[in-house]
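Colleague: Just the structure for this:
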Amino acid sequence: MEKMVLEEEIVIVGGGIAGLATAVALQRVGIRALVLERSDGLRATGAALSLFPNAWRALDALGVAHKLTAVYAVRKKAYVTDVATGAVQEVSLMGNNSDGPITVHRKALLESLAEELPRNSIRFSSKPISIEAQGQEGPYAIRLEDGTVITTKVLIGCDGVNSFVARKLGLTQPVNLGRSALVALAVFPEGHGVREDVQQFVDVGKRGGIVPLNDKEICWFLTFNTPKGEAMTGDPEQIQKQVIENYAKDFPPIYAEVVRHCDLSTLNLAPLRLRLPWDLIFGNVSKGNMTVAGDAMHPMTPDLGQGGCSALEDAVVLGRHIGKSFIDNRRLVPGAVARAIEEYVKERRWRTAWLITGSYISGWAQLGGEGWLMKMFRDVIFYRFLFKRLIGIADYDCGKLPLLDDQNKIQ
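Modeller: Numbers count the residues shown, from 1 in each chain. Here you go, the predicted structure:
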């Protein structure tokens, strides 16, 4: 069968949060991008995620914040229970100059972004198997698993932790931390009656939590150390059983009750990995007109809730720099776009390295050892003083997108 050859201005590999948000950012500055998504539909893996003020500022720049803010409530504080002692302390989730996070369904966020894109902007069931640069600044030939070849002037990898594009750039592989994370939705058809505040339960080597999304759904999560040979395995029912009977057996009863109501189709278990900050600072995050964003650029632990938030920041910053180049030149000029991408990398490199570091510190402090000194550090120093400073990194504005007139559009 003769292979199909397509030509595009910009191709984005990956249709998750980073990929769709980047496509929306480019669309708002007049540039159509094609998103390649390997699955057969929008991926809702992860059930829900908390979006902090930095994410809402990015979503506002993308023109979609209003779709979600009217549906979900702001979380201003969390109650943290020491499982060993039963002691509970209140922790503020508010920044010095901003509100707390809002937890949303991941699917709702993806759909809100996808609705902003023109028809046929997302090509599903499209898995790249090779990328060939036909010059120092492109174009790039992307061969898909079905034999289709797509050539593009600009290539943006938003294809997650195991990014194919990141490997092409020569970035080092993310490091496995020996920890895993579970997240899922619990559904209570008759209503759950749980207070709206975030509740967390910390024990040696594990931390769980529940966050009500509405009066019938609760997002629950568990992060835990996974020494070699002790990783949680099995189908969703077995995982649910292991959580109740083993990992969270000492947690307060409300946690087990939430897990029992789990919608198993939403359950997602994954090992935690991160890109070492110095690999991000000194590595090749771009090459010519090719770069990465989101988890493909800066995989991090979920301990500050900044994975999805920083992906939205990436989208706006990348859209701003490429958009300004496009508007100034009235078209995509390879050399000018390469310089725009370099400016994007310069702006994001140190910011995301700090997010990786802060998230790691947060996870280390909350999943520390059982010694009295570590517990004192967690309960007295971390939650009362350090956490407030770390969560302040969410009080960040990634900026706006450049203004566009009707004459400056790529159809």
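
Colleague: close enough to count as contact, Tyr72 and Gly100?
Modeller: No: look at Tyr72 against Gly100 with C-beta atoms under 8 Å: they stay out of range, at 11.7 Å. The way it works is simple: take the backbone N, C-alpha and C, and place the C-beta from them, glycine included.

Colleague: between these two, which one's more packed in?
Modeller: Ranked by neighbour count (other C-beta atoms under 10 Å), Tyr72 and Gly100 place Gly100 first, with 21 against 18.

Colleague: check contacts around that one.
Modeller: Phe52, Val74, Arg75, Lys76, Lys77, Ser92, Leu93, Met94 (C-beta atoms under 8 Å, 6 or more residues apart in numbering).

Colleague: Just the buried residues of those.
Modeller: For the contacts of Gly100, a neighbour count by 16 or more other C-beta atoms under 10 Å gives the buried set as Phe52, Arg75, Leu93, Met94.

Colleague: The first one contacts Asp397, correct?
Modeller: No: applying C-beta under 8 Å, one finds Phe52 not in contact with Asp397, separated by 12.0 Å.

Colleague: How about residues contacting whichever strand or helix holds Glu257?
Modeller: In the assignment (DSSP states H and E), Glu257 maps to helix 253-260. With contacts defined as C-beta under 8 Å, 6+ apart, helix 253-260 is touched by 186, 192, 194, 199, 201, 208, 210, 218, 220, 240, 243-244, 248.

Colleague: go with 10 Å
Modeller: Identification of contacts with helix 253-260 by C-beta atoms under 10 Å, 6 or more residues apart in numbering yields 81, 83, 182, 184-186, 188, 192, 194, 199-201, 208-210, 212, 218-220, 222, 239-241, 243-245, 247-249, 251, 267.

Colleague: And those, which of them are buried?
Modeller: Judged by 16+ other C-beta under 10 Å, buried ones among the contacts of helix 253-260: 81, 83, 182, 184-186, 188, 192, 194, 199-201, 208-210, 212, 218-220, 222, 239-240, 243-244, 247-248, 251, 267.

Colleague: Tell me which of the residues you listed fall in strands.
Modeller: If you go by DSSP state E, those have 81, 182, 184-186, 199-201, 208-210, 212, 218-220, 222 in strands.

Colleague: how about these, which pair is most distant?
Modeller: Thr81 and Leu185 (21.6 Å; C-beta to C-beta).

Colleague: What is the longest helix of the protein by residue count?
Modeller: Determined from DSSP state H, the single longest helix within the chain is helix 334-366.

Colleague: circling back: show me the common contact partners of Phe52 and Asp397, please.
Modeller: Contacts common to Phe52 and Asp397, judged by C-beta under 10 Å, 6+ apart, are Ser98.

Colleague: Was I right to think Leu213 contacts Lys107?
Modeller: No: the criterion here is C-beta atoms under 10 Å, and Leu213 misses it with Lys107 at 11.5 Å.

Colleague: May I see the buried residues of stretch 190-199?
Modeller: Neighbour-count burial for stretch 190-199 flags His192, Val194, Asp197, Val198, Gln199 (criterion: 16+ other C-beta under 10 Å).

Colleague: same question but for stretch 273-285, I mixed them up
Modeller: Arg273, Leu274, Arg275, Leu276, Pro277, Asp279, Leu280, Gly283, Asn284, Val285.

Colleague: Closest one of those residues to Ala25?
Modeller: Val285 (17.8 Å).

Colleague: On the pLDDT front, check the closest one for me.
Modeller: pLDDT for Val285: 97.

Colleague: What's the local residue count around the residue nearest to it when sequence neighbours are not counted?
Modeller: Setting aside the residues directly before and after it, Val285 is nearest to Val345 in space (C-beta to C-beta, 6 or more residues apart in numbering), at 4.6 Å. Per other C-beta under 10 Å, the neighbour tally for Val345 reads 19.

Colleague: again with Thr223
Modeller: 22.

Colleague: Dihedrals phi and psi, the spatially closest residue to Pro118 that is not a sequence neighbour?
Modeller: Leaving aside its sequence neighbours, Pro118 sits nearest to Arg32 (C-beta to C-beta, 6+ apart; 6.5 Å). With angles defined as degrees, to the nearest 10, Arg32 sits at phi -80, psi 130.

Colleague: right, and Arg32 touches Thr152 too?
Modeller: No: counting by C-beta under 10 Å, Arg32 stays clear of Thr152, with 11.6 Å between them.

Colleague: Identify the contacts common to these two.
Modeller: Glu8, Glu9, Ile10.

Colleague: residues near the last one, how many?
Modeller: Residue neighbour count, defined by other C-beta under 10 Å, stands at 23 for Ile10.
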